[in-house]
Each structure stands twice: as C-alpha cells, then as structure tokens.
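S.K.: pasting a predicted model and its sequence here:
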Protein chains: 2
Amino acid sequence: MAFEFGSFLSQVASGEAKPFVGYPPFHFVGGNIDEPTVPADALADALGDVIRKHGASMGKYGMECGPQGYLPLREFICGMLRRRAGMTVAPGEVLIATGSLQAMDLVNAALLDKGDVVLLEAGNYSGALSRFRALGVDYVGVELDRDGMRMDALERALSDLAGQGRKPKFIYTIPTIQNPTGSVMPIARRHQMLALARKFGVPIFEDDCYADLVFSGSRPPAIHGLDDGGQVIYCGTFSKTVAPALRVGYLVAPWPLMGRILPLKTDAGSGALEQLVLAEYLPAHFDAHVAELLPMLQQKADTLCAALDEHFGASVEYDRPVGGIYLWVTLPENVDTDGLFQVALEQGVEINPGSQWTTDGAANRHRMRLCFGHAPVETIKDGIARLADACFAEFGVPVRSGNVGRD
Amino acid sequence: MAFEFGSFLSQVASGEAKPFVGYPPFHFVGGNIDEPTVPADALADALGDVIRKHGASMGKYGMECGPQGYLPLREFICGMLRRRAGMTVAPGEVLIATGSLQAMDLVNAALLDKGDVVLLEAGNYSGALSRFRALGVDYVGVELDRDGMRMDALERALSDLAGQGRKPKFIYTIPTIQNPTGSVMPIARRHQMLALARKFGVPIFEDDCYADLVFSGSRPPAIHGLDDGGQVIYCGTFSKTVAPALRVGYLVAPWPLMGRILPLKTDAGSGALEQLVLAEYLPAHFDAHVAELLPMLQQKADTLCAALDEHFGASVEYDRPVGGIYLWVTLPENVDTDGLFQVALEQGVEINPGSQWTTDGAANRHRMRLCFGHAPVETIKDGIARLADACFAEFGVPVRSGNVGRD
C-alpha cells in the first residue's frame, strides 16, 4: 500500500512527468547536437592528462579555486570573449555555472522578487519564459524585426512602465542568433540599446548562448563589450559548441553584483571534471572545433530549408538562418501548432509550438520553431516530409508540395 | 562610473561574498577530503575508455537516458544500495543529481511551501537549516542522544504539532553518521521511527550522505530498506567517498513522487562526464576504494581525538567518531564558539561554530564541529594546538594542556 504524497505536494509541484521512453525519431526540438560532432577522442585525450595532473584537487569542493570555478578555465573564457566578442573581462568577474541555465537562475535569484517586471524580446526561449512565470515575475515582450529587438518598441515599453511607476529589473536580450527568430542585432542597434538602458537606468542581461554559431564565423561585439558602465550582465555556454550534456556555462558580472550572486550558488560548485577537461581541451581545440562545426550546421540549415520548400512550398515563411540551430517558421493562420505538435508526435516528429516561444502565445499559434542541430541530414528530410503529411491531414496545409497535389 | 545594482537586488540577495583568497591553512570545516585519497589515476583510466566509447552520447541533453541520469550508473547505485544498505530499489526510482544538495533542493521544491513545518534532528547540517530558513519553512528540532534522534521526543513533537492542527511535510533524518553528532541510529529505533511516521502519516526523508564511512565497514539497513510502504525518500552521494568536486549524488523516491520532482529539475541534466566516469569506475573499484579510505579516516579521527586530549584535556567533551569526517565537541559554557571562530581564523584555523549546526543555536554556543576528512595528520595536530592557544587567549580555556600550564 503505497504512501499518498498528493496532499504533501508544494504549489510548484503541479507538473507530473511520465517515465522516459526515449526520443521521438524525428525530434526538431532542444539544443541537442549531432553525436558525431562531439569531440569525444580529443576530450578523452585531454581528460587522461588532466585527471592525472590535477585530479587530486577534486578532493576539495571548488577544488583550489573557490566558488567561481577552475581558474584556468575562467582565464580561457576571458581570452575567448576578448577575441570573439570584443569583451574585456577579468577572471574575477567570471563564474563557471552548471550550464547557462544556472547562470540565468542565479541572476534571477539575485535580482528578482515576485511582482517584479522584466523586458525581453517578444519571441523568446521557452525556458526563460517559464522561469519568469514560476517566479511570479511579469514580463513585457518587445517587438522584434529581422535585426532583433526594435529600439522604438523598447523605448516605448520603458516609457510606458515609467508612466505606471514601474521599472524593469533588467532587459533580457538574446542579440546574437536570437532565440527563436535567429536574427543578429547590428552594432548600431546594440549601442542604441545601451543608450536607452543608461537613460532609464536599467541593466541589460545579455544571453549569448548561440553566439559562437554564426555561420560566417564573425559576429558583432557583445553588448557587454560596448559598455563601459558596468551595466551589462552576460552569460554564455559551451553546450552548443562542445556538448550539451557537459553542463558548463559561464556568467560574467561586475564584482558588486557577482558578490551578491555567489552566496546564492549553494550547490558547492559546478562539476569539476568538466571544468578540468575543458580547461585542457579548449585552448588548443576550441577554435578549430567550432570552425568544423559551422559548415555542418550550415548544411543542416540548408537541408531544412530545402525540405520546407519542397514539402510546404509557399505555405510557410521563414528567414534563412545565419547561424545557430533553429529556424522560426510561420504557417497559414488556420494551422494551430499546438495541435500540429500532437498529431506530428504520433508520427514520431517533435516540433516546438510557437505559443510556448512567444510572449503573446495566442497570437503565435501558427508559428513553430524547428531545431536542426541534432538530426542527421536524412532524418531532417524524412522528418519534414512526415510533418507536412501530418499538417495536411489535420489542417489541409500544405495543399501542394513538390509536384504532388494532396487533394 | 559603475552601475549601482543595490536597488535592484532581490530580497534573498542579502549576502555578500568577498573575493576568494584561498583556504585557511587549518580548516576543520566542510566535507572536503584529503587529496591523496582522490583516486585520480583510476579515474583517468576509466575516463579515457568511457569517453571514447560513449562520448558521442553527450551530444544530447540527458544523453540517451532521459532526465533521471545515465542508466548504467543508476543500475550500479541500485546494486550498491542493496548490498550496503539493504534497500530494494529499481533504476526508475533513482535520480542522479548534482550532489545530494540538489537532491535535497528538489525534495524541498516538491514538498515545501512557505509556512510549512518539518521535523529534524536538533543538531543538523547547517546547509539544511539555511535552506529551510530561505524557503520560509519552519523546523522543529528533535532531541538527540548517543543513538540519534530520540523517539519519545519525536512522538511528542508530532503530537504537539497535531494539537496545533499542523502536520510536518516530512521528518528529515541523518541516521547513519548523524551530522554533526556522528551517531548511528540502531535498527530498533529505525523501526520505531517508521512506526511513528506511519501512525502520524508523515513521510521520512533519509539523508545517508555519510553512511559509507562507518569505520567498521558495516552499518544498519537504511530506514528506506526497512519500509514497505513507499513512505521514505532517500538521498546519498559519492562526494564523501570519491571526490566532492565531482558533484554526483542520487535521490531515491517512489515513482508517484519522482514524477512530481522531475519537472522541477530544470537544469537539463547533471554532468555527463561524471556520470559516465563513475559508471565505469565504480563497479570495479568502489568497494576497494572505500575499504582503503576507512582506515585513513579512522587514523585522522584518532589523531584529532588525541590532539584534543593533549591540548584541551578535560576542558572538552566529545564522543569518539565511529565513522564519517567530523567530530562534535562540547566546551565549557563560557566559551562562545562564534567568537572562537573569529580569533581562530586570525590564526589560520577554521572551525564550525555550534550555533550554526543546531536548531537551538543560542543553547549551543559552547559547541563546535571539527572536520577531519581533509587535513593531513600533521596539520590536525598543529591546528588543534593553535586552536587551543587561541581559545585560551580569548576565553581562558583550557587552563592546562599537556604538561604545560597556561597561567
């Protein structure tokens, strides 16, 4: 006779998981990457050396370096951010976190109380939106265009809030390979965002998780790098370039804020093995590894676009990705992608419904996010074919694909 | 001109860290272990193999195994818990967490709302107490004796709460190498706790973090193993046996509760490298490694006791540890260990003041916890000598140590 936990559950424990039964064959969701791109052999080589050299230091929580994480890894990150993102950062301003998700959780814990408000892009990472909701924090979605968050809309949002006597705790932005729209904010607009942030006295929280994945290999400087007022908090990750399961991300914050964040990181340290291994592997291999990854992702993006063109034709609109691992698709208004999610899943295809990736979910039920990072090229083609079939069966869209009428 | 974050901080962000400047030379705190005991070479061997074999699976969040963690590691844990703790557990009831700290945080998140109450031992892990306080959860400390939590006191506490119309969400217990008192709860008392928990309809949350460190190598069955009613939630860790910096712990919960916990683990998975490595290393090495560790810890415990006897003499009371990595010391009532903490730190010695390790802090200001897991034997002796000097200088205690009067 099993104990009944029902009456013991907290208010937040409302969700109920089902036992994991594996991934659908065609899953166009999540930040997973393609297995062959995980640099397993190089990591293994790096690992053997580093454990023998430094393994004993794992006897201490935080090893020898205290709560901010392995110093050589932080030093690498500082150099990498300078070269790639134009940022000038000292190791003391860097915190190694268990994925950028933890970096986000820590910033939220340090700055947000229930009832606070934040500004963010109107299309956004579903995990960020769900976190704000879980914290009882309001968010205002700022309109996006092909260059990212619109600054006229941002200024309007800041003024409106000021008129209500409210001030957002921060502007959360994903300016480089915006999630889910894929845009890259041009440098001039980055300066404008900084100017508005200064004018209204609001910090910027810049999430650069996908910034290493611009296909051309070059990206505008991070907003953090353009700021000299200590007004930008920044996070990034190695999940998208090396391997998501490693769980190594980083937070960059000026010391006055970092000092407030550290006591909130009560986990006694993020994984030591990962930090040791990455500190050994990255200096020699990161740039070359990313350089290999980009054309592979470009090819997958091209494959996905070609498959959408073939199977959905003029029924969909999308902007070709310039980087990253996802594509944002607009379908005819009679298509409800929450419904499409269900019927597609029955065919073994998983998509991200637009309602979960936008602040105005109701207005975006005809949009979807498709991730192409993980699926091999053949799977992408087959998966999109199946998706089109499921979509037609349920919504009569697309009417025609390729040379084949579906009537 | 740096941005002022002061007015942006949340209510919980009240603590402020100082930059890490390294550990004091004699730090008798924390669950750190001695560097030479980290099995670095064996881990390195295990690692090289496992990354080459399985590294590609790190391309997925959660690898191939979903949110509960690497299946081979969960299978090992089930076998280990059966052999060592008399528990019958299936892999589906196990969740690999980022240290047992995360296991604790997840149980708390699933069961606790602000204003709830829990029962726990009157001497307790400071990290548990601070977490309950941070959550706005009340706790009632139940009296301890040399065999752990007293059952007459537990029954009284349960009845008292019932009389107030309150029911605790769980009884949190550390029955095997209780933290900080070091006791091991005998099996009869474990059955009594279960009977009381059933009578009052309250779950037990059993924290077995130190249970592998009983010096004799044998321990009573876990309370979880004595229960057939699905009423016990259980956590353990490899931090104390293999290496704290690895951050691998585990939660065992019946599926109805596990299903509620999983959606709250929003970190996209605990570190993959650690899981892969431990799954490779532990089956062949865990028992032998622990068997090597125990006499080393026993020797350190003996050294610490001898040093206390020599330098503090009759001024202190303590029970000789039967396992684990800490010792609970009672000093004369005029010694305030919060004050002792400060003066000792100036001499490079760090201790745990009793007020932070008890539910009635004010009544325990003359007690302290000393950890012996990390410090080498010579350091223990020197550190205790310095501690005695600092204590005498500040409080006039001990008056006499060894053959030397301090007058």
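M.R.: Looks like it came in fine.

S.K.: quick check: closest non-adjacent residue to residue A:251.
M.R.: With sequence-adjacent residues excluded and distances taken as Cβ to Cβ, 6 or more residues apart in numbering or on different chains, residue A:251 is closest to residue A:103, at 3.8 Å. C-beta: built from backbone N, CA, C; applies to glycine.

S.K.: ok, that neighbour - contacts?
M.R.: A:95, A:97, A:235, A:237, A:249-251 (Cβ atoms under 8 Å, 6 or more residues apart in numbering or on different chains).

S.K.: let's have those residues in TSV, adding secondary structure, neighbour count and pLDDT.
M.R.: Listed next are the contacts of residue A:103 as TSV, based on DSSP: H, G, I helix; E, B strand; the rest coil; neighbours: other Cβ atoms under 10 Å in any protein chain shown; pLDDT from 0 to 100:
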residue	secondary structure	neighbour count	pLDDT
A:95	strand	23	95
A:97	strand	27	91
A:235	strand	25	98
A:237	strand	26	93
A:249	strand	22	92
A:250	strand	28	96
A:251	strand	26	97
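
S.K.: ok, the residues you listed vs residue B:83, which is closest?
M.R.: Nearest to residue B:83, judged by Cβ to Cβ, of the contacts of residue A:103 is residue A:97 at 35.7 Å.

S.K.: partner residues bridging the closest one?
M.R.: Beta-bridge pairing for residue A:97 (DSSP bridges): residue A:249.

S.K.: what residues sit buried inside stretch A:66-84?
M.R.: Neighbour counts over stretch A:66-84 (16 or more other Cβ atoms under 10 Å in any protein chain shown) mark A:66-74, A:76-78, A:80-81, A:84 as buried.

S.K.: give me the low-pLDDT residue ranges for the stretch 51-200 of chain A?
M.R.: A:55-64 (pLDDT under 70).

S.K.: residue ranges of the helices in the stretch 51-200 of chain A, please?
M.R.: A:71-85, A:99-111, A:126-134, A:151-163, A:187-200 (DSSP state H, counting those that start in this stretch).

S.K.: so which of those is the most surrounded?
M.R.: Comparing the helices of the stretch 51-200 of chain A by mean neighbour count (mean count of other Cβ atoms under 10 Å in any protein chain shown), helix A:99-111 ranks first with a mean of 24.

S.K.: off-centre distance for that one?
M.R.: 13 Å (Cα atoms, centre = their mean, to the nearest Å).

S.K.: and the angle for that helix with helix A:126-134?
M.R.: Going by axes from the mean of the first three to the mean of the last three Cα atoms, to 10 degrees, helix A:99-111 is angled at 30 degrees with respect to helix A:126-134.

S.K.: one step back: ok, which of the buried residues of stretch A:66-84 also contact chain B?
M.R.: Among those, the ones lying near chain B by Cβ under 8 Å from any Cβ of the partner chain are A:66-68.

S.K.: which residues does residue A:145 bridge with?
M.R.: Here residue A:145, judged by DSSP bridges, has bridge partners residue A:148.

S.K.: state the distance from it to residue A:223.
M.R.: 18 Å (Cβ to Cβ, to the nearest Å).
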